[in-house]
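Trainee: missing the sequence, but the structure's below:
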C-alpha cells in the first residue's frame, strides 16, 4: 500500500468533505452563543471534534501539516490571558470584573449583548485547543509504545 | 418519580460495571455511565412539564422555561468529567505500556 497512515480511502474522502461542515457548525454555535442554546464551550467541543476527526482519518503526520500545532498551543495559552484582559477592562471602565463595556445593541440581533460574543469566541478557542491537545497527547503515548 | 428510579438504575448499572468488570477500558466506560446518571438526575430535577430551554427569544414566555441553574452546574460537571476521563485513559495507557494488558487481575506487580 502507498499510504499506511490513517484509515481507508472511503473514510478519508468522507472526512475531507465532512470536516468543513463540522467546522462550520461549530462556528455557527459559537457566534450564536448569546441567542440560541450552545455557546463557547459547545462550539469549541464541536470544532475540536472536527480536528480529531481529521486526525483519526489521516493520522498524526498529515494533521501536523494541516493544523499549525504550535500556533494552536499559543492560542490555547493566550485565550486565558485574553479572557482576563476583557474582564479587567470591565473593572477599568465600569467598576466590576467582566462588566459590559461595549454597548448592548438591539435585542435578538447577531451583533449585540456587548462583550458576551467576544468571551464566547475566546472560550471556544480555549476549549477547542484544550480538548484537541488532550487526545493529541494521548496519541503521543501510543506512538512511543509502538517504537519500543 | 419513575424517571428518578430509572436514573438510579442507570447509576447502579455503572456501579455494577465498575465493581465486576476486569477490563480497564470497561471500568472507565462504567464510570462514565455513572457520571451520566448523576447529570441526568440533576437535569430531570430542573425539568418541568412542557418546559423549553431557558433562553430568551422573540415572543417566548419566561414562565414556560425550565430551571437554568442545574443546567449550568451540569455543564461544569461535564467539564470535570472530561478531565477525569482523560486522566483515567492516560493512566490506562501507561499501565498498558508497562504490563501489556488491560486486565486488572494481571496488573499485580506494584513495585518496579
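Mentor: Great, that's in hand. Because the structure is a prediction, the values reported are computed rather than measured.

Trainee: ok, stretch A:66-82 near chain B or not?
Mentor: No - counting by CB under 8 Å from any CB of the partner chain, chain B has no neighbours in stretch A:66-82; the shortest distance is 14.5 Å. Placement of C-beta: from N, CA and C, glycine included.

Trainee: so how far is that stretch off the chain centroid?
Mentor: Mean C-alpha position of stretch A:66-82 versus that of the full chain (CA atoms, centre = their mean, to the nearest Å) differs by 10 Å.

Trainee: contact partners of that stretch?
Mentor: The contact list for stretch A:66-82, computed with CB atoms under 8 Å, 6 or more residues apart in numbering or on different chains, reads A:51, A:54, A:58, A:122-123, A:125-126, A:129-130, A:132-133, A:136.

Trainee: what packs against the lengthiest helix in chain A?
Mentor: Using DSSP state H to define each element, chain A has its longest helix at helix A:116-147. Packing partners of helix A:116-147 (3 or more CB pairs under 8 Å, 6 or more residues apart in numbering or on different chains; DSSP states H and E): helix A:9-31, helix A:40-58, helix A:60-66, helix A:69-94, helix B:68-99.

Trainee: let me know the average pLDDT across it.
Mentor: Mean per-residue pLDDT for helix A:116-147: 83.

Trainee: got the residues of chain B near chain A?
Mentor: By the rule CB under 8 Å from any CB, the part of chain B lying against chain A is B:53, B:55, B:57-58, B:75, B:79, B:82, B:86, B:89-90, B:93-94, B:96-97.

Trainee: for the residues you listed, work out which two are farthest apart.
Mentor: Within the residues of chain B next to chain A, B:58 and B:97 form the most distant pair, 55.8 Å apart (CB to CB).

Trainee: those two: who's more crowded?
Mentor: Shown here are residue B:58 and residue B:97; by other CB atoms under 10 Å in any protein chain shown, residue B:97 has more neighbours (13 against 6).

Trainee: buried ones in the worst-scoring helix or strand of chain A on mean pLDDT?
Mentor: Least confident element among the helices and strands of chain A, by mean pLDDT, DSSP states H and E: helix A:116-147 (a mean of 83). For helix A:116-147, the neighbour count (16 or more other CB atoms under 10 Å in any protein chain shown) marks A:116-117, A:119-132, A:134-136, A:139 as buried.

Trainee: ok, now stretch A:61-77?
Mentor: Neighbour counts over stretch A:61-77 (16+ other CB under 10 Å) mark A:62-63, A:69, A:72, A:75-76 as buried.

Trainee: now tabulate those residues in JSON lines and tack on distance to residue B:68 and pLDDT.
Mentor: Below are the buried residues of stretch A:61-77 laid out as JSON lines (distance: CB to CB, whole Å; pLDDT from 0 to 100):
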{"residue": "A:62", "distance to residue B:68": "42", "pLDDT": "87"}
{"residue": "A:63", "distance to residue B:68": "37", "pLDDT": "87"}
{"residue": "A:69", "distance to residue B:68": "37", "pLDDT": "90"}
{"residue": "A:72", "distance to residue B:68": "32", "pLDDT": "91"}
{"residue": "A:75", "distance to residue B:68": "30", "pLDDT": "91"}
{"residue": "A:76", "distance to residue B:68": "28", "pLDDT": "91"}
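
Trainee: next up, the contacts around the residue nearest to residue B:66 when sequence neighbours are not counted.
Mentor: Nearest-residue entry for residue B:66: residue B:51, 3.9 Å, with adjacent residues in sequence omitted and distances by CB to CB, 6 or more residues apart in numbering or on different chains. Residue B:51 makes contacts with B:64-66, as judged by CB under 8 Å, 6+ apart.

Trainee: which one of those has the most neighbours?
Mentor: Ranked by neighbour count (other CB under 10 Å), these have residue B:66 at the top, with 17 neighbours.

Trainee: quick check, that one in contact with residue B:47.
Mentor: Yes - if you go by CB atoms under 8 Å, residue B:66 and residue B:47 touch, sitting 5.4 Å apart.

Trainee: tell me which residue is most central in chain B.
Mentor: Geometric centre of chain B, nearest residue: residue B:35, 2.0 Å, by CA atoms, centre = their mean.

Trainee: surely that residue is within a helix?
Mentor: Yes - Residue B:35: assigned to a helix according to DSSP: H, G, I helix; E, B strand; the rest coil.
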